[in-house]
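Asker: test case, fold it:
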Amino acid sequence: MTKKKKEIILKALKAAFPHTVPILAGFLFLGITYGIYMNISGFSFIYPLLMSLLVFAGSVEFVAVNMLLGAFNPLQALFLTLMINARHLFYGIAMLDKYQNVGLKKFYLIFGMCDESFSINYSAHVPYDVDKGWFMFFVTLLNHLYWVIGATLGGIFGSFITFNTQGLEFVMPALFVVIFLEQWLKEKDHTSSVLGILLSIIALALFGEDNFIIPSMIAILITLTILRKQIEKRGGWS
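Answerer: Numbering: from 1, shown residues only. Next up is the predicted model:
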């Protein structure tokens, strides 16, 4: 690897890291919680380590604990995973343009695209002198590492730690509120954000809290696709 290449990679890492610091706090706490959950369910720390490293889907990993303890049913596991992570279909569509021309890094970016990495990579303003492909790669890699470290620590020390984790699940919703507010402040026009909120509220009222995510995302996708040109003209998308 040439010196110039190393400098490009290092600069991208330095630019990406500050964006992931809030994720670091959330993922470590939730990862530790997941590792503890696996531990008290009777699994060695190897399980949360490998699950977080190879699966990297927080909600599915929590659900997988019961699937591992229950009867072998691969079809149920498949459909449950698709239902829980169906939102990633929409993430993928939104990132089609951004993931172009990034080389082999695209494969890891696709694998490692969680909610948090998507939010950062989609909305962050990458400095002009930073390689966008490497920036997105390090955002994804760092978030992945945070989750693996948290889950592994929880699995190792879970049997020695006793504390009340009630309310800990609110860490990530709070994080998304902060990310949303940052994006709101960057926008010149708030049409897309307001539409997203209104359509989500309508879907919540119609389908309930357990089933509103997919309908709301479909409605948002269709609406923003129809209004895309108007919103872009007003500067509603950065």
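Asker: test my guess that Leu206 contacts Pro215.
Answerer: Yes - taking CB atoms under 8 Å as the definition, Leu206 is a contact partner of Pro215 at 7.2 Å. Every residue, glycine included, has its C-beta placed from N, CA and C.
Asker: the two: who's more crowded?
Answerer: Between Leu206 and Pro215, counting by other CB atoms under 10 Å, Pro215 is the more crowded of the two (16 against 12).
Asker: now the element after the lowest-mean-pLDDT helix or strand in the chain, going C-ward?
Answerer: The helix or strand of the chain with the lowest confidence, counting by mean pLDDT, DSSP states H and E, is helix 171-186 at a mean of 69. Following helix 171-186 in sequence order, the next helix or strand is helix 191-207 (DSSP states H and E).
Asker: would you mark the buried spots in that next one?
Answerer: Under the neighbour-count criterion of 16 or more other CB atoms under 10 Å, helix 191-207 has Thr191, Ser192, Leu195, Gly196, Leu199, Ser200, Ala203 buried.
Asker: excluding chain neighbours, what is closest to the fourth one?
Answerer: Computed as CB to CB, 6 or more residues apart in numbering, the closest residue to Gly196 that is not its neighbour in sequence is Ile220, at 5.4 Å.
Asker: which stretches of the protein have low pLDDT?
Answerer: Within the chain, the ranges that satisfy pLDDT under 70 run 161-176, 179, 231-238.
Asker: select the longest helix from it.
Answerer: helix 3-40 (DSSP state H).
Asker: in contact with the closest residue in space to Gly35 that isn't next to it in sequence, which residues?
Answerer: Here the nearest residue to Gly35 in space, its sequence neighbours aside, is Gly154; by CB to CB, 6+ apart that works out to 2.1 Å. By CB atoms under 8 Å, 6 or more residues apart in numbering, the contact set of Gly154 is Gly31, Ile32, Thr33, Tyr34, Gly35, Ile36, Tyr37, Met38, Asn39, Pro48, Ile161.
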